[in-house]
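Asker: Got a sequence here, can you build the structure:
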Amino acid sequence: MAKHKDHTEPGKGESERQDITTVAGANRAALHKQGLYKPKGWITHGLTSLMQLPNATPLAVLRWTTPEGPMPHILNLPSRDEGRHIKIYVWIPPPGSGSFTGTRRPCLVDFHGGGFTMGGPLEQAPWCAALARAGIIAISVHYRLGPTWEFPAALLDAEDVINAILDVEGNTEPGKFIRREVLRCSKGRTEFDESKVGISGFSSGGNIALNMLLSIPAHLNTSKADEGGNDGDWPSPFLNAQSPLRTIPALLFFPSLDARQAPFDRKRPEGMAPQGEVSKWIGKTLLNAYLPQEFVSHLRATMKHATLDCMHPATRALLILPQIDTLSEQSEVWQDSMGHVRVHRIEKMSHGFTTFPDSFIDEKTRAAKKLVMDQALLYVIEMFKSS
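Answerer: Residues are numbered from 1 along each chain as shown. Okay, the predicted model is just below:
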C-alpha cells in the first residue's frame, strides 16, 4: 500500500509526526488531513459517500422507527477548533418520565457504529429515546468520519463532548453552550447532574466509548509511526470531572478493540457464512479510510492490550457480545484481562442486530433485541441509582 503524502506546512511535518499521539499533536494532524487534500483514491471517497447517504434521512422518519418518542434536538456544539462545530443529537426526558425525577438528570453519551466511515446518530434513536423515557438525558455524537478525516478525529470530537458535559462551572464556551441549550430545549425543566455521566457505543462506537475511559501513559503512548519517542500522557476526559464520579456505566455493544485485524482476516465463528467477494472488496477498499496503517497498533486503536490501571476506576462496563460476530473474540480476550467486566452473550445473533429496524428483522431477532436493550437500560438505571 502506498504511503500517505504529508500535507503539513513546510518545516512542521517532522514535529507533527513525532507528536501525533499527544492530544494536541493528534489534533493538528487531523486538521491537516481535511477534505480535498486527503490522499485517498476516488473509489474510496465515492464508496464512503454512497454509504453515508443515510445521514441525509429526515428526522420525520423517527416517527416510524421510534413512535414512542421523544424526538431529538439537533445542536452544533463548539469544538476545540475555532469555527468548527460538532453536531450532537440530544434527547430530553419528557415531563414526569421514568426512574429519575427533579431538574437535575443523569446523562449518557452514545456513539454510533459504522467502521468510522459511515453511520449516524439517527440509527441510535430507539436506544437514546428509551433512555430519555427513563429520565436520562441522551446525547448521540455525529463525530468525524473517514476518509475526509483520519484517526484520531473521532476521538477528539468525543473528548470535546464529554469535556463540555463535565464542565460544571461553565468555564468554557462548549460547557456554557450545552447547558444553555439543554435548559432551552427542556423549557427550563432539565439540567445535567454532572455526578452521573455514562457512555455507550456500538461497534466502532464501542471503540470510542472505551477510549474515553482510558488514560494512556507516556511510556505506552507510542506507535510504529513514532518509535522510541515520548509523546506525553493521553488522559481520559473523565479525569476532568469537577463533580465526583463514583460510577460511570459503560455499555459496549459488540465493540471493535483490535485494529490490527482486518475484517476479512478475522476468525469467523462456527455457523457464520464465509464472507462474500463484494463484502471483502468493500472491506479492503475502506481498510485505511480512517485509520492509517501505521497507527493500527496504537493503544487508542487496539485497546484490548490496555492494562487495567489505564481504566478510569469508576468504570462499570457491560459487554454485549453476539455469538455470530468476528469481533466477539477480541472482547473476550480483553475482558479476561480486565476481570471485572460484566458480559452478556447472545446466542445465534449477528453483529449489529440491536441497531436493525424492527421491520427489517424476523420475530426471533426482534425478541432478542428487545431483551438485550431492556436489560441494557436496566443496567444504566441501576448504575446511576447506585452512584
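Asker: does residue 316 count as helix, strand or coil?
Answerer: When classified by DSSP: H, G, I helix; E, B strand; the rest coil, residue 316 comes out as strand.
Asker: how close does it sit to residue 251?
Answerer: Distance, residue 316 to residue 251, by C-beta to C-beta, to the nearest Å: 10 Å. C-beta: built from backbone N, CA, C; applies to glycine.
Asker: quick one: which of the two has more around it?
Answerer: Neighbours were counted for residue 316 and for residue 251 using other C-beta atoms under 10 Å; residue 251 has more, 27 against 20.
Asker: So what's the gap between the longest strand anywhere in the chain and the chain middle?
Answerer: The residue-count maximum for a strand in the chain (DSSP state E) belongs to strand 191-202. How far strand 191-202 lies from its chain's middle: 13 Å, per C-alpha atoms, centre = their mean, to the nearest Å.
Asker: Stretch 169-183 now?
Answerer: Between the centre of stretch 169-183 and the centre of its chain there are 22 Å (C-alpha atoms, centre = their mean).
Asker: Please point out which parts of it sit buried.
Answerer: Using 16 or more other C-beta atoms under 10 Å as the test for burial, stretch 169-183 gives 174, 175, 177, 178, 179, 181, 182, 183.
Asker: Could you check how many residues crowd around residue 116?
Answerer: Other residues near residue 116 come to 29 when the count uses other C-beta under 10 Å.
Asker: Then the one 10 residues further on?
Answerer: The number of residues packed near residue 126 is 19, by other C-beta under 10 Å.
Asker: can I assume it is in contact with residue 66?
Answerer: Yes: under the criterion of C-beta atoms under 8 Å, residue 126 makes contact with residue 66 at 5.1 Å.
Asker: Determine the set of other helices and strands touching the longest strand of the chain.
Answerer: With contacts defined as 3 or more C-beta pairs under 8 Å, 6 or more residues apart in numbering; DSSP states H and E, the packing partners of strand 191-202 are strand 104-111, helix 153-166, helix 173-185, helix 204-211, strand 248-253, helix 363-386.
Asker: now the angle from the fourth one to strand 248-253?
Answerer: Angle of helix 204-211 versus strand 248-253, following axes from the mean of the first three to the mean of the last three C-alpha atoms, to 10 degrees, is 150 degrees.
Asker: gap between helix 204-211 and the chain center?
Answerer: Worked out by C-alpha atoms, centre = their mean, helix 204-211 lies 4 Å from the chain centre.
Asker: go on, the first one?
Answerer: Strand 104-111 has its average C-alpha position 13 Å from the chain's average C-alpha position, going by C-alpha atoms, centre = their mean.
Asker: Quick check: residue 299 touching residue 216?
Answerer: Yes: look at residue 299 against residue 216 with C-beta under 8 Å: they come within range, at 5.2 Å.
Asker: what do those two both touch?
Answerer: Applying C-beta atoms under 8 Å, 6 or more residues apart in numbering, one finds that residue 299 and residue 216 are jointly contacted by 306, 310.
Asker: any idea of the mean pLDDT in the longest strand of the chain?
Answerer: For strand 191-202, the mean per-residue pLDDT is 96.
Asker: Tabulate the CA atom coordinates of it in CSV.
Answerer: Extracted in CSV, the C-alpha atoms of strand 191-202 (Å, rounded to 0.1, in the frame of the first residue of the first chain):
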residue,chain,number,x,y,z
GLU,A,191,-30.2,20.3,33.5
PHE,A,192,-27.2,17.9,33.9
ASP,A,193,-26.4,16.0,37.1
GLU,A,194,-22.7,16.0,36.4
SER,A,195,-22.0,13.4,39.0
LYS,A,196,-24.0,10.9,36.9
VAL,A,197,-22.5,10.6,33.4
GLY,A,198,-22.3,7.4,31.4
ILE,A,199,-21.3,6.2,28.0
SER,A,200,-22.3,3.7,25.3
GLY,A,201,-21.1,2.7,21.9
PHE,A,202,-21.9,0.2,19.2
